[in-house]
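In: Test case, fold it:
(one chain, ligands or ions: 2)
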Amino acid sequence: MITAIDQRSIDQITAGKVVVTLAMAVKELVENSIDSGASSISIQLDNYGLDGFSVTDNGSGIDEQDFELVARKYTTSKLKSFEDLDSIETLGFRGEALGSLCAMARVEITTNTQPAKSGHTLIFNEDGGILEKRVSPSPKGTTVKITDLFRTAPVRRKDFERHYKNEYTKMVNLIQAYALVCPIKLQVENNTKGRKIAAIQSQGETMDKRIAAVFGISALKGLVPVNLKTRVFDLEGYISEPVFGKGRSGTDRQLLYVNSRPATLPKVQKTINAAYQLSNSTEYPFFVLNLRLDPHTFDVNLSADKRTLLLHDESAILENLQISLGEFFDSSGHNVPRSSRP
Ligand code: ADP
Ligand code: MG
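Out: Numbering: from 1, shown residues only. Ligands and ions are numbered 1, 2, ... in the order given. Down below sits the predicted model:
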């Protein structure tokens, strides 16, 4: 017999796809902070996130008139119709994150739009409805505080408790991608056993400064700036110079973006590696590369984490990438000719 699923179960099922891990929960909040125009974002975890975490920004804040809808499912200030998705420039657009977090955890938001006035603290129920609202003095911006992550998904909670250090590391890796691309102050700190440990402390107008802040100053050694313009895209960022022996043994530290949006692009990654390996046979480059595309030429609405993109003109992009990177490596003067290799 076929029957309709009740609304609460639907909410749990759909929320479970957005907030799968600690990393995805933190990422959604960081994206909201970036979208709010913040120049500073602080992520604080208590005991690796097991006891909760908060994301604080100095962005726009949330208007009091939006409080009723802010944590409901499919409510957003970023998208009005499906057509708007064709030219979306914000990181969020589906209005799912806060609603999903409410279904999965306890959510408290403190927000203020005007520095001259005091702000509000809101506590939400599972459906994203307001349980409690009080006036609270706070600076301009927003703090979203999450506790009891996965309280409504016991199997996931158990898994988190078992692998919390691993989950924490995955979160740091994911947030690094945002720290590298955003010209803002971004920090991640873990408070555990009475000690505060900084995992990310990034700041800097330019990408080289941010790479140094995230990976240490020595990471810049052997990197060259990339600034390529082609018919279909611009490519900017940093990549290892293909001096024989200066590459890496694996494909970690390969960060790709489309219009500053962190993205997983296996074919683009493969093409970059192949172009690099023409000059440096077996190794892999370290790179942080931002592909600039016309916003109408890709689709971001493919996966719950919005990292899988559909590039409409993928074959032209790959072809141009191969050619322009080949020329770039040839002209950078750092190439080791194949014949002179050991
Ligand atoms: P989306 O980001 O897709 O719009 P969310 O559920 O993540 O959906 O957020 C819902 C809305 O809440 C956003 O559209 C935005 O208006 C508001 N919002 C959320 N976080 C913040 C923040 N840190 N600062 C300002 N506004 C926020
Ligand atoms: Mg969002």
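
In: How about the contacts made by the residue in the stretch 201-342 of the chain positioned nearest to ligand 1?
Out: Proximity to ligand 1, evaluated over the stretch 201-342 of the chain using CB to the nearest ligand atom, is greatest for K306 at 9.2 Å. The way it works is simple: take the backbone N, C-alpha and C, and place the C-beta from them, glycine included. Going by CB atoms under 8 Å, 6 or more residues apart in numbering, K306 touches L91, R261, V300.

In: ok, the nearest residue to the second one once chain neighbours are set aside - contacts?
Out: With sequence-adjacent residues excluded and distances taken as CB to CB, 6 or more residues apart in numbering, R261 is closest to L91, at 6.2 Å. For L91, the contacting residues are E31, N32, I34, D35, R261, K306, taking CB under 8 Å, 6+ apart as the criterion.

In: which SS state does the closest residue to ligand 2 within the stretch 1-150 of the chain fall under?
Out: In the stretch 1-150 of the chain, no residue comes nearer to ligand 2 than G92, which is 2.8 Å away by CB to the ion. Secondary structure, DSSP: H, G, I helix; E, B strand; the rest coil: G92 is coil.

In: so what pLDDT did it get?
Out: What the model reports as pLDDT for G92 is 88.

In: Please apply the same query to A15.
Out: pLDDT, A15: 74.

In: got it, and the one 4 residues further on?
Out: The model reports V19 with a pLDDT of 87.

In: Up against ligand 1, what does the stretch 151-300 of the chain have?
Out: Applying the criterion CB under 6 Å from any ligand atom, no portion of the stretch 151-300 of the chain neighbours ligand 1.

In: Sheet partners, orientation included, of the helix or strand P225 falls within?
Out: Per DSSP states H and E: P225 is located in strand 223-229. Applying DSSP bridges to the sheet, strand 223-229 is found paired with strand 234-240 (antiparallel).

In: buried residues in the strand it pairs with?
Out: Across strand 234-240, burial judged by 16 or more other CB atoms under 10 Å covers L235, E236, G237, Y238, I239, S240.

In: Please apply the same query to stretch 162-179.
Out: For stretch 162-179, burial by neighbour count (16+ other CB under 10 Å) applies to E167, Y168, K170, M171, V172, L174, I175, Q176, A177, Y178, A179.

In: Likewise for stretch 112-125?
Out: Within stretch 112-125, the residues that count as buried by 16+ other CB under 10 Å are N112, T113, G119, H120, T121, L122, F124.

In: is it possible to export those residues to a markdown table including pLDDT, secondary structure and distance to ligand 1?
Out: Below are the buried residues of stretch 112-125 laid out as a markdown table (pLDDT from 0 to 100; DSSP: H, G, I helix; E, B strand; the rest coil; distance: CB to the nearest ligand atom, whole Å):
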| residue | pLDDT | secondary structure | distance to ligand 1 |
| --- | --- | --- | --- |
| N112 | 98 | strand | 10 |
| T113 | 97 | coil | 9 |
| G119 | 96 | strand | 12 |
| H120 | 98 | strand | 13 |
| T121 | 98 | strand | 14 |
| L122 | 98 | strand | 11 |
| F124 | 98 | strand | 11 |
